[in-house]
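> Sharing a sequence plus its predicted fold:
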Protein chains: 2
Amino acid sequence: MALRHAVLAALLDGERSGYQLAKVFDVGMANFWHALPQQLYAELAKLERDGLVAGREVVQETRPNKRLFTVTDEGAAELRRFAVTPSKPSFIRDDLLVKVAAADSVPAAELIEQLVERAAVATAKIELFDGLLRTMRGDRDEADFLATGARIGPYLTCLRGRSFEADHRDWCERTAEVLRARRNAGAR
Amino acid sequence: MALRHAVLAALLDGERSGYQLAKVFDVGMANFWHALPQQLYAELAKLERDGLVAGREVVQETRPNKRLFTVTDEGAAELRRFAVTPSKPSFIRDDLLVKVAAADSVPAAELIEQLVERAAVATAKIELFDGLLRTMRGDRDEADFLATGARIGPYLTCLRGRSFEADHRDWCERTAEVLRARRNAGAR
DNA sequence: TCTGAACAGTCAGAAAATTGACTATAGTGG
DNA sequence: CCACTATAGTCAATTTTCTGACTGTTCAGA
């Protein structure tokens, strides 16, 4: 029951089509919620049926027609209800961590490779987020924007995503280093 | 298809019952994979059917009987296969982040409260992890243990868990501070 | 002596997420 | 002209995860 709230939150920035949402849920939103297009279209249909969002058909000449969705008052109320209910703590759930947990019984070379690769992905994400953050705050500095800016929600979650990626990258690098050192020591 | 590998990894430390696994998946393992007892019993049954783990009935006088599971050679091979396949990057998926994303449209007081609460939970987890880490490395220091210790896999993932929680706690505190400052500025 | 926690597990059902198709049109690069 | 990408979606099936209830025993503490 939380994808629906994530969709509502994503629509707060303004009218969006399912297709646009699919992209948002693949980059910015993707820090804390990821969803495939199919899920989003299905969820939008349910949200519309429940009156939490309103769809508006836009006929296009040069592109396929699309439907733009907005949060209704009911949708906003639902979001407020959701915001005040306690949420259970999160965890990571990452295949790579499972592999590292089994590090003593699996070949080190591939594991090191994956850790290095993952660190690179994290670095790329950090750059992406830095770009998003810059765009969101415009020409102001962060402290000023956070103090007086409008719509700081996405900015705050993006900061969390950035920090998560930086942390992840550091861990990947340190872990790869540990495994390399052991492999070299063992090979001697 | 990754709970099964998480279970295999958890069984590397030695024979365990479903009940014991359920506890492992609620604390140590819980950093990167969480599962309820029902899931674990079901998964163990499947793993046994597929010959990846072997169960052994232990008759107890004073306690209910139990079944202890070990990873078979086939299971170890499966784990190695899993370890060398690429894994998709992880993301957070946290209700609280969804709420913060909607921060501009939901009541601040409750959100701040939840952030503070979450920071406290994170602090408690950090202490738990620190205890686990101390236990795992015994009287050695970390660098020495990581260089020469046996079974460092769980230690490395626990470090990731610790780091994740520390990062999360910091973000919660900073975010709460930002929201408080805005609320006070707005109230003036 | 009663209560509650710890031990050890099982069953059924619902909800959520993933996988893998498939339909169209328009524009761009080679 | 061909291949490819981007736009804008839909459908079906399966897999995975979560929710909630249920059955027993033993031991420690009030």
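Happy to help now that I have it. Treat the numbers as computed from the prediction; the structure is a model and nothing was measured.

> Flag every residue of chain A that's near DNA strand D.
Chain A has residues A:17-20, A:23, A:37-38, A:41, A:45, A:60, A:63-67 near DNA strand D, with proximity defined as Cβ under 7 Å from any atom of the strand. C-beta: built from backbone N, CA, C; applies to glycine.

> Going through those, which ones are buried?
Among those, those scoring as buried are A:17, A:18, A:20, A:41, A:66, A:67 (criterion: 16 or more other Cβ atoms under 10 Å in any protein chain shown).

> just those that are near chain B?
Taking Cβ under 8 Å from any Cβ of the partner chain as the test, chain B is in contact with none of those.

> which two in the residues of chain A next to DNA strand D are spaced the farthest apart?
A:38 and A:60 (22.2 Å; Cβ to Cβ).

> Whichever strand or helix holds residue A:165 vs helix B:153-187, what angle?
If you go by DSSP states H and E, residue A:165 is part of helix A:153-187. Regarding helix A:153-187 and helix B:153-187, their directions subtend 160 degrees when assessed with axes from the mean of the first three to the mean of the last three Cα atoms, to 10 degrees.

> which strands and helices sit next to helix A:153-187?
Here helix A:153-187 touches helix A:108-137, helix A:142-148, helix B:95-101, helix B:142-148, helix B:153-187, going by 3 or more Cβ pairs under 8 Å, 6 or more residues apart in numbering or on different chains; DSSP states H and E.

> any idea of the pLDDT on residue A:188?
Looking at residue A:188, its pLDDT reads 58.

> Direction included, what does the helix or strand of chain A with the lowest mean pLDDT pair against?
Ranked by mean pLDDT, DSSP states H and E, the weakest helix or strand in chain A is strand A:53-58, scoring a mean of 92. Strand A:53-58 has the following sheet partners, assigned by DSSP bridges: strand A:66-71 (antiparallel).

> thinking again about what came up before, who touches the least confident helix or strand of chain A?
In this structure, residues lying in contact with strand A:53-58 by Cβ atoms under 8 Å, 6 or more residues apart in numbering or on different chains are A:7-8, A:11, A:15, A:17, A:44, A:47-48, A:65-72, A:75.

> Pull out the buried residues from those.
A:7-8, A:11, A:15, A:17, A:44, A:47-48, A:66-69, A:71-72, A:75.

> Please identify which of those residues is nearest to DNA strand C.
Checking the buried ones among the contacts of strand A:53-58 against DNA strand C with Cβ to the nearest atom of the strand, the nearest one is residue A:7 at 10.0 Å.

> got a list of what the closest one touches?
A:21, A:40, A:43, A:44, A:47, A:53.

> domain parsing for chain A?
Domain assignment of chain A by automatic domain parsing yields the ranges A:3-84, A:95-184.

> and the shortest one, how far from the chain's centre?
The chain centroid and the centroid of domain A:3-84 are separated by 15 Å, computed with Cα atoms, centre = their mean, to the nearest Å.

> can you check stretch A:73-87 too?
That offset, for stretch A:73-87, works out to 20 Å (Cα atoms, centre = their mean).

> picking up where we left off before, where's the dip in pLDDT among the buried ones among the residues of chain A next to DNA strand D?
For those, the pLDDT minimum is residue A:66, 90.

> partner residues bridging the nearest residue to that residue once chain neighbours are set aside?
Using Cβ to Cβ, 6 or more residues apart in numbering or on different chains and skipping residues adjacent in sequence, the residue nearest residue A:66 is residue A:17, 4.4 Å away. On the basis of DSSP bridges, residue A:17 is bridged to residue A:68.

> what does the one helix or strand residue A:80 maps to rub up against?
Secondary structure from DSSP H and E places residue A:80 in helix A:73-84. For helix A:73-84, contacts defined as Cβ under 8 Å, 6+ apart pick out A:2, A:5, A:8-9, A:11-12, A:47, A:50-53, A:71, B:98-99, B:102, B:105-107, B:110-111.

> relative to strand A:53-58, how tilted is that helix?
For helix A:73-84 against strand A:53-58, the angle by the same axes, to 10 degrees is 140 degrees.

> Show me which parts of helix A:73-84 are buried, residue by residue.
Buried residues in helix A:73-84, counted by 16+ other Cβ under 10 Å: A:75, A:76, A:78, A:79, A:82, A:83.

> For the nearest residue to the first one once chain neighbours are set aside, give me its contacts.
Read that as residue A:75. In space, and not counting its chain neighbours, residue A:75 is closest to residue A:52: 3.6 Å by Cβ to Cβ, 6+ apart. The contact partners of residue A:52, taken as Cβ under 8 Å, 6+ apart, are A:4, A:8, A:71, A:72, A:74, A:75, A:78.

> you'd agree residue A:19 is up against residue A:26?
No: look at residue A:19 against residue A:26 with Cβ atoms under 8 Å: they stay out of range, at 11.2 Å.

> and the helices and strands packed on helix A:153-187 as TSV, adding mean neighbour count?
TSV is the format used below for these (neighbours: other Cβ atoms under 10 Å in any protein chain shown):
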stretch	mean neighbour count
helix A:108-137	16
helix A:142-148	14
helix B:95-101	27
helix B:142-148	14
helix B:153-187	19
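
> Reformat the ones you listed as a markdown table; add distance to DNA strand C.
Output for the helices and strands packed on helix A:153-187, formatted as a markdown table (distance: least, Cβ to the nearest atom of the strand, whole Å):
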| stretch | distance to DNA strand C |
| --- | --- |
| helix A:108-137 | 17 |
| helix A:142-148 | 29 |
| helix B:95-101 | 10 |
| helix B:142-148 | 27 |
| helix B:153-187 | 19 |
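
> Quick check: which ranges of chain A have low pLDDT?
Applying pLDDT under 70 to chain A flags residues A:187-188.

> follow-up on the earlier one: show me the contacts of residue A:7 that map onto strands.
residue A:53 (DSSP state E).

> Mind checking which of the contacts of residue A:7 land in helices?
In this view, those that belong to helices under DSSP state H are A:21, A:40, A:43, A:44, A:47.
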